[in-house]
Each structure stands twice: as structure tokens, then as C-alpha cells.
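1. would you be able to build a 3D model of this:
(chains A, B, C and D)
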There are 2 protein chains.
Amino acid sequence: MMDARATQALSALHIGEIARRSGRSVHTIRWYETQGLMPGVVRDRGRRRVYSDYHVGWLDLMERLRLTGMSIRQLREYTALVKQGSASLPKRRALLAAHQLRVHAMIAKWTEALTLVDAKVEFYDEWMVGGVRPAVSPQQRARDKRSMPKA
Amino acid sequence: MMDARATQALSALHIGEIARRSGRSVHTIRWYETQGLMPGVVRDRGRRRVYSDYHVGWLDLMERLRLTGMSIRQLREYTALVKQGSASLPKRRALLAAHQLRVHAMIAKWTEALTLVDAKVEFYDEWMVGGVRPAVSPQQRARDKRSMPKA
DNA sequence: GCTTGACCTAGAGTATGCTCTAGCTTGTTC
DNA sequence: GAACAAGCTAGAGCATACTCTAGGTCAAGC
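-> Residues are numbered from 1 along each chain as shown, chains lettered A, B, ... in the order given. The predicted model follows:
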């Protein structure tokens, strides 16, 4: 049976290992720390950064938030809240919920923007098949599509 | 009844007007031109750029493609194809269709990334209501959500 | 013909988010 | 105790996409 020290040792990771597990470079992880995005990083006697499994999950969250368009500035705000402990729970929840709303709005915007691209593709198809430029402009077509999505 | 010259005159726009109509700055529109993103721009006797209604629609398309993540480099490729005339129709269609696929893939990726944020929000809710940190990690919760979306 | 506003070119500056280099220290292995 | 990998800090460099400045030109109204 493993004792607490052994378990602790198993989840103590140096920067190279956490870089490998998170798919980032060591440079990026150190830069994240300078930007205030890495809570609870301690150092060993040789001043090396020591991470745990927690940080693998943390970097996963950071990646997802970045991927969905959250800026480094906002990630810093969120990280600062996490560092404050459980008193900041309502604020953390609000920050993430606001982000969710923004992402859903962005998806709606993208979907809307794609209507014109859809229309362009169809327009090109007709043009290629018919050999002549179709009369209806893709802009008009996109408007039609939006107003009558089920037609 | 309007003759061809009058119609032409009506749709002849200077850069300030097209900036106003497209919601961009004149700087940006000139910069787009240097980047090869403005096909068919002619000059008047005083070397001023002359646009038409076509360019308003063009800038709308550029905006939608940018918004959905297309890079300036790819917009340049697309514009170059448009400048080549109808011989490039199959390539244009392919470029736009590939972009559509990328956007749909991106939306799927975003939706997937949001599962963890959803889980975090629920986790915070429980934590706030219960006063103690819930046992299940948001990472675990996100995994559960993905594998059993209907549970 | 002079003022005024819009336009012109060339190029510098900015914001964001990394990404890498240089030069040095530390821990481990033989 | 020497070699070597991995880590450290400070700071430079880079890609993308604008955004703006400086210094001049042009057209239209008075």
C-alpha cells in the first residue's frame, strides 16, 4: 500500500512532463505563469517549478476557454478569482456563465455568416452547370434563406 | 428614364462613402487593397479610388469570411481567383466549401469545449448551495456528459 | 484664386499571444 | 567530479491584423 508521500511523489511533475501531458511547450507554460494563469505553482529546493495532476486539468480548462475565444486578460481575471478561494465562487460562476453566453452568441453569428457562403457555393454550382452567371445575387439568396429557412 | 451613364454615376462611390456603408475605416479599406482583397477598383482623374455597389457586397462577404476565421492570406487567394474570371469557378467553389467544412468543425469543437464549462458552472452551483466542494470533478462531469448526452 | 474637406502614399505604431534565444544553474549518472 | 539533460530568468523576436500619422494633392464652393 502506498503512503501519502509516495502518492504525493507520483503527482509531482516538473515542467517538461506537464508540457508533454498538456501538449504545450515549456516556454508557453512559463509564459502562462508570468501572465498570472497558473495558480498554486510551488518550487523545489533547486527553484524548479513543481506541478500536480491538478495543473493538467487546469491547463485543459485554460485551453478550452482560449479555444472558445476567451482572452488572456479574462483568463487572468478568472485565475485571480480561483486564487482567492471559495469566497469568489459566485463571481467565478458568473464569469463562466457570461462566457458561455458569448460563445453561443458567436456560434449564432457564425451560422448566420455562413448563409452567404452557402448561397455563394450554390451560385457557383449553377454558374458552372449553366455556363452563364445566374441572375440572382448570392446576397439576395442569403437574405431569402434567412427569411424562409424552411422553404 | 435613366440612361446607362446616370446609373453608373449613381453607383460610383468614393472611399469615404464605402467606408460608411461597410462600417469600416478608410484606412482599413485602403489596407485591404494593398493586401490584394479589393478586385476591380478603378481611379478617377484625380487618382481617387472609385467603387460601386458591388464593393459593398464584396466587403460584406469579406467580413463574413473574416468573422468565421478565414485569414487574410486565404481571402487574398480567393480574391485572386475572382480576378481570374469564370475559369476559376471550380476553385472558388472548392475554397468556399472547404471553409464551410472548417467552420462547422470549429463549431463542433467549440460545443465540445463548452461541455467542461457547463460542468464547471454546475459544479460551482452545487458548491455554493452545499457550502462544501462537491466530490465529482468538473473534468469527470464533462466526460460523463459527452458519453451520455441523453442521460 | 483661395479655403476647406476628402483623398493620396509611405511607412510607423499597436495589440494580442505566443515563441525562442542567450547565458547561467541544478540534479543525476557514471 | 565531469558530463549532460533539464530547468531557470530576462528579454528579444515574430505572426497576424489592423490603425494611425505625416506630409502632400485635388476638387468644389465661394
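2. every contact and neighbour count from this point should use C-alpha atoms.
-> Will do.
3. which residues sit against whatever helix or strand A:Val50 lives in?
-> Assigned by DSSP states H and E, A:Val50 belongs to strand A:49-50. Here strand A:49-50 makes contact (CA atoms under 8 Å, 6 or more residues apart in numbering or on different chains) with A:12-15, A:41-44.
4. next step: these restricted to strands.
-> Counted as lying in strands by DSSP state E, out of the contacts of strand A:49-50, are A:42-43.
5. out of the contacts of strand A:49-50, who's nearest B:Arg66?
-> Among these, A:Ile15 lies closest to B:Arg66 (CA to CA), at 36.2 Å.
6. and the most centrally placed residue in chain A, how far from DNA strand D?
-> Geometric centre of chain A, nearest residue: A:Leu67, 2.5 Å, by CA atoms, centre = their mean. Note on A:Leu67: its distance to DNA strand D, by CA to the nearest atom of the strand, to the nearest Å, is 15 Å.
7. the strand holding A:Val50 and DNA strand D, are they touching?
-> Yes. Between strand A:49-50 and DNA strand D, judged by CA under 7 Å from any atom of the strand, the touching residues are A:Arg49.
8. adjacent strands (with direction) for that strand?
-> Note on strand A:49-50: by DSSP bridges, its sheet partners are strand A:42-43 (antiparallel).
9. what's the spacing between the partner strand and its chain's center?
-> Its chain's C-alpha centre and that of strand A:42-43 lie 27 Å apart, by CA atoms, centre = their mean, to the nearest Å.
10. show the average pLDDT along it.
-> Across strand A:42-43, the average pLDDT comes to 96.
11. pretty sure the residue nearest to the centre of chain A sits against B:Glu112.
-> No. Look at A:Leu67 against B:Glu112 with CA atoms under 8 Å: they stay out of range, at 10.6 Å.
12. how about the contacts of strand A:49-50 in TSV, adding neighbour count?
-> Formatted as TSV, the contacts of strand A:49-50 follow (neighbours: other CA atoms under 10 Å in any protein chain shown):
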residue	neighbour count
A:Ala12	16
A:Leu13	18
A:His14	16
A:Ile15	18
A:Val41	12
A:Val42	11
A:Arg43	12
A:Asp44	9
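13. ok, and which of the contacts of strand A:49-50 reach DNA strand D?
-> Among the contacts of strand A:49-50, proximity to DNA strand D is found for A:14-15, A:43 (CA under 7 Å from any atom of the strand).
14. quick one, phi psi at the residue of chain A found nearest DNA strand C?
-> Nearest residue of chain A to DNA strand C, counting by CA to the nearest atom of the strand: A:Gly46, 2.9 Å away. The phi and psi torsions at A:Gly46 (degrees, to the nearest 10) take the values phi -90, psi 20.
15. could you check how far it is from A:Arg133?
-> Taken as CA to CA, to the nearest Å, the spacing of A:Gly46 relative to A:Arg133 amounts to 71 Å.
16. so those two - more neighbours on which side?
-> Set A:Gly46 next to A:Arg133 and count neighbours by other CA atoms under 10 Å in any protein chain shown: A:Arg133 wins out with 14 against 6.
17. how many neighbours does the closest residue to that one other than its chain neighbours have?
-> Nearest-residue entry for A:Arg133: A:Trp127, 5.1 Å, with adjacent residues in sequence omitted and distances by CA to CA, 6 or more residues apart in numbering or on different chains. Counted by other CA under 10 Å, the residues lying close to A:Trp127 total 17.
18. thought A:Trp127 was touching A:Val136?
-> No. Between A:Trp127 and A:Val136 there is no contact under CA under 8 Å: 10.9 Å.
19. circling back: does the strand holding A:Val50 reach DNA strand C?
-> No. Strand A:49-50 stays clear of DNA strand C (CA under 7 Å from any atom of the strand), getting no nearer than 10.7 Å.
20. say whether DNA strand C is contacted by the lengthiest helix in chain A.
-> Using DSSP state H, we find that the single longest helix of chain A is helix A:89-130. No. Using CA under 7 Å from any atom of the strand, helix A:89-130 stays clear of DNA strand C, with a minimum separation of 13.7 Å.
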